[in-house]
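Trainee: here is a sequence with its predicted model. Questions after.
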Amino acid sequence: MNIGQAKEEIKNTVRAYLAKDEEGEYVIPVIRQRPVLLIGPPGIGKTAIMQQIARECGVGLVAYTITHHTRQSAIGLPFIEKRNYGGKEYSVTEYTMSEIVASIYDKIELTGLQEGILFIDEINCVSETLAPTMLQFLQGKTFGNHRIPDGWIIVSAGNPPEYNQSVREFDIVTLDRVKKIVVDADFGVWKTYAYEAGIHGAVISYLDIKKENFYQIESTVDGQEIVTARGWEDLSKLIQTYEMLGIEVKESLIIQYIQNHRIAKDFANYFDLYKKYQTDYNVDEVLAGKIKASSIDRIKKASFDEKLSVISLLISRLSSAFAQAYAADLYVHDLFDVLKEIKFLLGRPDARASQVLTDKIGQIEEDIRLGKEKGQYEEGQIKSLRHVTRTLEADRQQILKEGISPASAAFEQIRANFAGDTQTRLALIEDGKDKLANAFSFMEAAFGESQEMVIFITEINANTYCTRFIRDNGSEAYDRYNQALLFDKKRQTLLREIGDAADLAKLL
């Protein structure tokens, strides 16, 4: 199972465990709600999918890496309590509430979410003193003397033994009380995520060509050599930052993240070629409609890997343009919703524009804080709302500086400023449409209806920003080639079915 399939399986489990009957009782009794045990190699996104699941299910999330804890922090500290048994008083040992259990109640109080997910990572890598506590936790849903609150679903994660020498195997009794899901690294699933997360085009393009280098953990005479999805993502972010700052990306940097000398060197060589193709083919000029005959002639004669790299450069640039358009679209819609409220508030007889804007900014900032605590906002949504608060503050400062009054005049100024934002949004959309049309012109001139065009369309379909932009704004060239691609797939499927039927007829 890949990480995308695991996400859907866990999400369905959460929905099933939290389903209630007409009496308000859980359909699956708490005692039958098996903890999920997610086993998979490190760095494939186990923690990330838990954040997504909690957000999509509208529940809370408390996450811990258990190897960071001692027995005391997990089960609580002992203290002496007096108890009466059979008329005699005895001293007995009790325990303070576990830090982990207490954090669940803190999350409930902070967010108001009564149901949620308790995610415990690296559960099979705990110390010898903590191992019995983890078994008790999985079997009885307790830490020390304190139960996990009803409505909070346990999801634990661990690494297979081949990836971590400190892994402890669970006994049969424990395994018979959990819902075990085994996950493998899958580049195809990660690639879809990579496009949405804005992973550097060179990383995606390289791994498309060298899929076998996506994930490797090897033991050598020099020690462990580690290449993970997490490593590629972190390297991507640093490369993008280095490029922004004008700092050269060297092999010595790459090896710090891609801890396999052979793969790091191979990617370093490819990265140099990728930058060279970007310059040689003038990708930015191509998307601006300045397509040189020399570039068309060169790519027709290029190796297949070079063609893939240029296609990746086009997709990367398009994705970046579409992401900017999407961010502007999200911001304008968020701002529009806020301005409707502000217009209503400024319609009151005693309304003061400066105070209304101040109050609204404070409200949005509180919504952001609470939304982050609840995990209900994606990063793009938070950035959009913060952009809205900056705009409102700029409006407030302008109103104060220019002494604009009454409230109706202040809102007219706010409306005029908003018109500028809408024009910026429209300009980004038009720019994206032009870039897409120019990219198709280049692809048509270079390849026509070839396998390279199929790859180009396939990459567009795998990219969230591309598909969203085309869905909202259309593209005649995309529709034409995509329909041809879908028709070809249906034709191939039909031919296979006909072939299977013919084979069956021979057998009969």
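Mentor: Now that the structure is in, tell me what you want to look at. Residues are numbered from 1 along each chain as shown.

Trainee: who's in contact with residue 392?
Mentor: 338, 357, 360, 361, 364 (CB atoms under 8 Å, 6 or more residues apart in numbering). Just so you know, the C-beta spots here come from the backbone N, C-alpha and C atoms, and that holds for glycine as well.

Trainee: and with 6 Å instead?
Mentor: 357, 361 (CB atoms under 6 Å, 6 or more residues apart in numbering).

Trainee: that one sits in which helix or strand?
Mentor: If you go by DSSP states H and E, residue 392 is part of helix 379-402.

Trainee: residues of that helix that come out buried?
Mentor: Going by neighbour count (16 or more other CB atoms under 10 Å), the buried part of helix 379-402 is 384, 385, 387, 388, 389, 391, 392, 395, 396, 399.

Trainee: closest to residue 225 out of the residues you listed?
Mentor: residue 384 (40.9 Å; CB to CB).

Trainee: and the pLDDT at that closest one?
Mentor: pLDDT, residue 384: 94.

Trainee: separation between the residue located most distally from the centre of the chain and residue 80?
Mentor: Taking CA atoms, centre = their mean as the measure, the residue most remote from the mean C-alpha position of the chain is residue 87, 60.1 Å away. Distance, residue 87 to residue 80, by CB to CB, to the nearest Å: 20 Å.

Trainee: list the contacts of residue 213.
Mentor: Taking CB under 6 Å, 6+ apart, one finds residue 263 in contact with residue 213.

Trainee: check the one 5 residues further on too.
Mentor: Under the criterion of CB under 6 Å, 6+ apart, the contact list for residue 218 reads residue 225.

Trainee: rerun that using 10 Å as the cut-off
Mentor: Applying CB atoms under 10 Å, 6 or more residues apart in numbering to residue 218 gives the contacts 224, 225, 226, 227, 260, 262.

Trainee: tell me which stretches of the stretch 51-200 of the chain form strands.
Mentor: 60-65, 78-85, 88-95, 116-121, 142-143, 146-147, 152-158, 179-182 (DSSP state E, counting those that start in this stretch).

Trainee: quick check: phi and psi on the residue lying closest to residue 440 once chain neighbours are set aside?
Mentor: Counting by CB to CB, 6 or more residues apart in numbering, residue 440 lies nearest to residue 477, which is 3.9 Å off, once chain neighbours are set aside. The phi and psi values for residue 477, taken as degrees, to the nearest 10, are phi -70, psi -40.

Trainee: isn't residue 477 right up against residue 444?
Mentor: Yes - the criterion here is CB atoms under 10 Å, and residue 477 meets it with residue 444 at 7.7 Å.

Trainee: one step back: pLDDT wise, what is the residue farthest from the centre of the chain at?
Mentor: The model's pLDDT for residue 87 equals 81.

Trainee: cool, and residue 162?
Mentor: Taking residue 162 on its own, its pLDDT is 69.

Trainee: which member of the buried residues of helix 379-402 is positioned nearest residue 209?
Mentor: For the buried residues of helix 379-402, the nearest to residue 209 is residue 384 (35.2 Å; CB to CB).

Trainee: isn't that closest one right up against residue 330?
Mentor: Yes - taking contacts as CB under 10 Å, residue 384 lies within contact range of residue 330: 4.5 Å.

Trainee: spell out the residue ranges of the helices in the stretch 51-200 of the chain.
Mentor: All helices of the stretch 51-200 of the chain, identified by DSSP state H, counting those that start in this stretch, fall at 71-75, 99-111, 131-140, 172-175, 187-197.

Trainee: a markdown table please, covering these and showing mean pLDDT.
Mentor: Shown next, in a markdown table, are those (pLDDT from 0 to 100):
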| stretch | mean pLDDT |
| --- | --- |
| helix 71-75 | 67 |
| helix 99-111 | 86 |
| helix 131-140 | 77 |
| helix 172-175 | 79 |
| helix 187-197 | 86 |
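
Trainee: and of those helices, who's closest to residue 55?
Mentor: Comparing the helices of the stretch 51-200 of the chain by CB to CB, helix 99-111 comes nearest, at 12.2 Å.

Trainee: how far out from the middle of the chain is that closest one?
Mentor: Relative to the chain's own centre, helix 99-111 is displaced by 25 Å; criterion: CA atoms, centre = their mean, to the nearest Å.

Trainee: in it, what's buried?
Mentor: 99, 100, 101, 104, 107, 108, 111.

Trainee: name the nearest residue to the fourth one, sequence neighbours excluded.
Mentor: Pointing back at residue 104 there. residue 62 (5.4 Å).

Trainee: what do you get for residue 28?
Mentor: In space, and not counting its chain neighbours, residue 28 is closest to residue 17: 5.7 Å by CB to CB, 6+ apart.

Trainee: check residue 119 too.
Mentor: residue 63 (4.3 Å).

Trainee: relative to residue 29, how far out is the one you found?
Mentor: Look at residue 63 and residue 29: by CB to CB, they are 26 Å apart.

Trainee: quick one: which of these two has more around it?
Mentor: The residue with more neighbours, out of residue 63 and residue 29, is residue 63; 17 against 10, by other CB atoms under 10 Å.

Trainee: am I right that that one is in contact with residue 118?
Mentor: Yes - applying CB under 10 Å as the test, residue 63 and residue 118 come out as touching, 8.1 Å apart.

Trainee: got any residues that touch both of these two?
Mentor: Common contacts of residue 63 and residue 118 (CB under 10 Å, 6+ apart): 50, 103, 155.

Trainee: closest to residue 469 out of these?
Mentor: Closest approach to residue 469 among the shared contacts of residue 63 and residue 118 (CB to CB): residue 50, at 29.3 Å.

Trainee: hmm, back to that, could the strands of the stretch 51-200 of the chain be laid out in CSV, adding distance to residue 458?
Mentor: Output for the strands of the stretch 51-200 of the chain, formatted as CSV (distance: least, CB to CB, whole Å):
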stretch, distance to residue 458
strand 60-65, 34
strand 78-85, 61
strand 88-95, 57
strand 116-121, 34
strand 142-143, 48
strand 146-147, 50
strand 152-158, 32
strand 179-182, 29
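
Trainee: does residue 186 touch residue 5 like I think?
Mentor: Yes - counting by CB under 10 Å, residue 5 is a contact partner of residue 186 at 8.7 Å.

Trainee: which one of those two is surrounded by more residues?
Mentor: residue 186 (17 against 14).

Trainee: give the contact list for the more buried one.
Mentor: Contacts of residue 186 (CB under 10 Å, 6+ apart): 1, 2, 3, 4, 5, 44, 214, 215, 229.

Trainee: still on that earlier bit, ok, which of the strands of the stretch 51-200 of the chain comes nearest residue 411?
Mentor: Closest to residue 411 of the strands of the stretch 51-200 of the chain, according to CB to CB: strand 60-65, at 38.6 Å.

Trainee: can I get that closest one in CSV, CA atoms only?
Mentor: What follows is strand 60-65, C-alpha atoms only, in CSV (Å, rounded to 0.1, in the frame of the first residue of the first chain):
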residue,chain,number,x,y,z
GLY,A,60,-8.3,17.6,16.6
LEU,A,61,-4.8,16.2,16.4
VAL,A,62,-2.2,15.7,19.1
ALA,A,63,1.1,14.3,17.8
TYR,A,64,4.1,12.9,19.7
THR,A,65,7.3,11.2,18.8
